[in-house]
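**Q** predicted model and sequence follow; I will ask about them next.
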Amino acid sequence: MKKNGIISGLILVAIGVVILLKSFDLICFSWWTLWRLWPFSFIFVGIGIMPIKKMWKGIFYVIAILACVATMSYMTKHNSYGRWGDRLRNFFDKRDIKELKEDFLRSDQISYLGFSDSITRIKVNAEFVSGNYLFETKPYNSMLRFTFQGNSYSTSLTEEGTTGFLELLPKEWDNRKSSGKIYLYEKFDYTFTLQGEKSDISLDAAKLNIDTLNINAGDASSWNITLSASAPETYLFITAHPDAGNINLTLPASSGYQFITSAIADTTQWNNLQPAKTGTYLSDNFKEAKQWVFIESNSRNVEVRR
């Protein structure tokens, strides 16, 4: 009974530690993470059958649990979610691999990326296909967090001086409906290059400092962008496919903005902009404003709200 009690207690302690660390975003944990840790089952079984004193078994169990947590932490910092089909190819036939892969693509894919304290600016390059994707602002943390469901995405963050280069790109995709959440922090200045096709993309940047935002609106894509007044000037460049959907921009009421377009003007959807010259329109408060948004677009499906 004592032996069973010790083992049960250690298991509960391990579960509690994992949940606690995950709640502070210090480790990643998902069913895929659990699957990647399957070799630890041999370690625990091996400790259990070793002909040694219970005290030593307890010590070895604690060491194994700490090693398990450290492994999850390593996976978190190094974004260890690589291709795994090839590793299982010797154990399963092609049909089994396909089924496993489809099950994994339907499950949550959680990625964490760490960064150094010297980073002050992040340049985001992201491409989205076939789904709904949301950028949200979260309280500052020591890691960037992403969740995707459906198509498989790769995430990477490289650093050069005080700038971090963040890439979110699809590894492989089909017509599967996907979804994703990208959590951003207010600490940084941001530059965005976003591309979307057959997707609904929302960027809630009401608390972010963005100086440049490049949008490539592909076929059947729709966009909802909310900007803040924190940056003195924000430059927004929109290149839209002829069959792209609506692009809705929500700007601070205090911001002045300039709209340059080659499309036929419909100033009602552009919040009653006043023409300054051919193809250029200004908001009524442009001269008095202390913060400005400069918009260039080839699409007439842009609606500006204030």
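**A** Good, I have the coordinates. For clarity, every value in this text was computed on a predicted model and none was experimentally measured.
**Q** distance of Leu249 relative to Ser297?
**A** Leu249 sits 10 Å away from Ser297, going by C-beta to C-beta, to the nearest Å. From N, CA and C alone the C-beta is placed, and that goes for glycine too.
**Q** which one's more surrounded, those two?
**A** Leu249 (25 against 22; other C-beta atoms under 10 Å).
**Q** centre of the chain to the helix or strand hosting Glu159, how far?
**A** If you go by DSSP states H and E, Glu159 is part of strand 152-160. In terms of C-alpha atoms, centre = their mean, to the nearest Å, the centre of strand 152-160 is found 10 Å from the chain centre.
**Q** pLDDT (mean, whole number) over that strand?
**A** Strand 152-160 shows a mean pLDDT of 85.
**Q** for it, packing partners?
**A** Contacts defined by 3 or more C-beta pairs under 8 Å, 6 or more residues apart in numbering; DSSP states H and E place strand 152-160 against strand 108-114, strand 143-149, strand 163-172.
**Q** mind listing the strands it pairs with, and their directions?
**A** strand 163-172 (antiparallel) (DSSP bridges).
**Q** which elements pack onto the helix or strand following the partner strand?
**A** With elements assigned by DSSP H and E, the helix or strand that comes after strand 163-172 is strand 178-185. Applying 3+ C-beta pairs under 8 Å, 6+ apart, one finds that strand 178-185 contacts strand 121-138, strand 143-149.
**Q** ok, 10 Å please
**A** strand 108-114, strand 121-138, strand 143-149, strand 152-160, strand 163-172, strand 189-204 (3 or more C-beta pairs under 10 Å, 6 or more residues apart in numbering; DSSP states H and E).
**Q** would you format those as a markdown table with distance to Asp243 and mean neighbour count included?
**A** Shown next, in a markdown table, are the helices and strands packed on strand 178-185 (distance: least, C-beta to C-beta, whole Å; neighbours: other C-beta atoms under 10 Å):
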| stretch | distance to Asp243 | mean neighbour count |
| --- | --- | --- |
| strand 108-114 | 29 | 19 |
| strand 121-138 | 15 | 19 |
| strand 143-149 | 25 | 20 |
| strand 152-160 | 24 | 16 |
| strand 163-172 | 20 | 17 |
| strand 189-204 | 10 | 20 |
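**Q** let's have those strands in a markdown table, adding distance to Tyr257.
**A** Below are these laid out as a markdown table (distance: least, C-beta to C-beta, whole Å):
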| stretch | distance to Tyr257 |
| --- | --- |
| strand 108-114 | 33 |
| strand 121-138 | 21 |
| strand 143-149 | 29 |
| strand 152-160 | 31 |
| strand 163-172 | 27 |
| strand 189-204 | 17 |
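**Q** burial check on the residue lying closest to Glu186 once chain neighbours are set aside, number of neighbours?
**A** Nearest-residue entry for Glu186: Lys207, 5.2 Å, with adjacent residues in sequence omitted and distances by C-beta to C-beta, 6 or more residues apart in numbering. The tally of other residues near Lys207 (other C-beta under 10 Å) stands at 14.
**Q** in the sheet, who's paired with Ser156?
**A** Beta-bridge partners, per DSSP bridges, of Ser156: Glu167.
**Q** okay, domains of the chain per the record?
**A** Annotated domains of the chain cover 2-77, 100-305 [automatic domain parsing].
**Q** tell me the most buried of those domains?
**A** Using mean count of other C-beta atoms under 10 Å, the stretch among the domains of the chain with the largest mean neighbour count is domain 100-305, at a mean of 17.
**Q** chain center to it, what's the gap?
**A** That offset, for domain 100-305, works out to 12 Å (C-alpha atoms, centre = their mean).
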